[in-house]
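J.: next one to model:
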Amino acid sequence: SLNLLVGETRNYSYSLIETAVRLCRNGARLIGTNCDVVDRSHQGLIPACGSLCAPIEMASSRRAYFIGKPNPLIMRAALHKLGVTREDACIIGDRIDTDILAGIQSEIRTCLVMTGVTSLADLQNWSYRPDCILPSLHHILKDGCEIFETDHRHHSTSIGQSHQLHCSSIIKEKTPMGNI
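T.: Modelled structure (predicted):
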């Protein structure tokens with residue numbers, strides 16, 4: 001059977017949607033690279049792969065299988081490629097609905113950076129929390145960064161009180177420095 005792979009592109013057209021729908025209706029499997037609906041660019045939010053798959057799904061009555069985050073298969077493949085166990089890894093991402101969910105579903109420690117689509121205000125909409133929240137990736141790479149600890153028992157984030165944490169120790173314990 002044929003596989004139809006949809007990824008993010010600027011060359012998306014109605015003609016391509018028609019072809020994709022025809023292929024899916026004739027038995028092709030619809031595969032998306034990721035389920036993100038929007039992504040951030042220098043111009044603001046833009047459609048991502050999940051949005052590009054939506055019209056094909058609707059017109060073909062086929063549901064896409066997304067191979068990227070939060071699919072645990074991609075996480076297992078990444079751990080294998082890096083040669084680390086989930087206990088020795090940390091997923092650092094800027095989206096709670098894909099990056100952080102991928103870590104939680106794969107039982108990998110998670111760190112949300114506030115440089116992407118997810119904002120602190122968005123956290124109230126989700127029933128799960130990252131292990132820590134940082135303002136940016138820069139805070140991971142410098143010594144002595146501020147983090148916001150999350151309390152999984154009460155599903156709350158303590159924004160008011162920041163805790164000092166030596167970031168190189170997180171990375172050293174959870175992710176080999178050469179693989180960041």
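
J.: now do the helices in the chain.
T.: 14-25, 49-60, 72-82, 101-105, 138-141, 167-174 (DSSP state H).

J.: what's in contact with stretch 50-59?
T.: 4, 6, 8-9, 12, 17, 20-21, 24, 30, 32, 34-38, 62-64, 66 (Cβ atoms under 8 Å, 6 or more residues apart in numbering). All C-beta atoms are positioned from the backbone trio N, CA, C, and that covers glycine.

J.: that stretch: which residues count as buried?
T.: 50-53, 56-57 (16 or more other Cβ atoms under 10 Å).

J.: now that stretch - C-alpha only, CSV.
T.: What follows is stretch 50-59 as a C-alpha-only set of coordinates in CSV (Å, rounded to 0.1, in the frame of the first residue of the first chain):
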residue,chain,number,x,y,z
GLY,A,50,-1.5,19.3,11.7
SER,A,51,-3.3,22.2,9.8
LEU,A,52,-2.0,20.9,6.5
CYS,A,53,-3.2,17.4,7.1
ALA,A,54,-6.7,18.6,8.3
PRO,A,55,-8.3,19.3,4.8
ILE,A,56,-6.9,15.9,3.5
GLU,A,57,-8.4,14.1,6.6
MET,A,58,-11.7,15.8,6.2
ALA,A,59,-12.1,15.2,2.5
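
J.: chain center to that stretch, what's the gap?
T.: How far stretch 50-59 lies from its chain's middle: 19 Å, per Cα atoms, centre = their mean, to the nearest Å.
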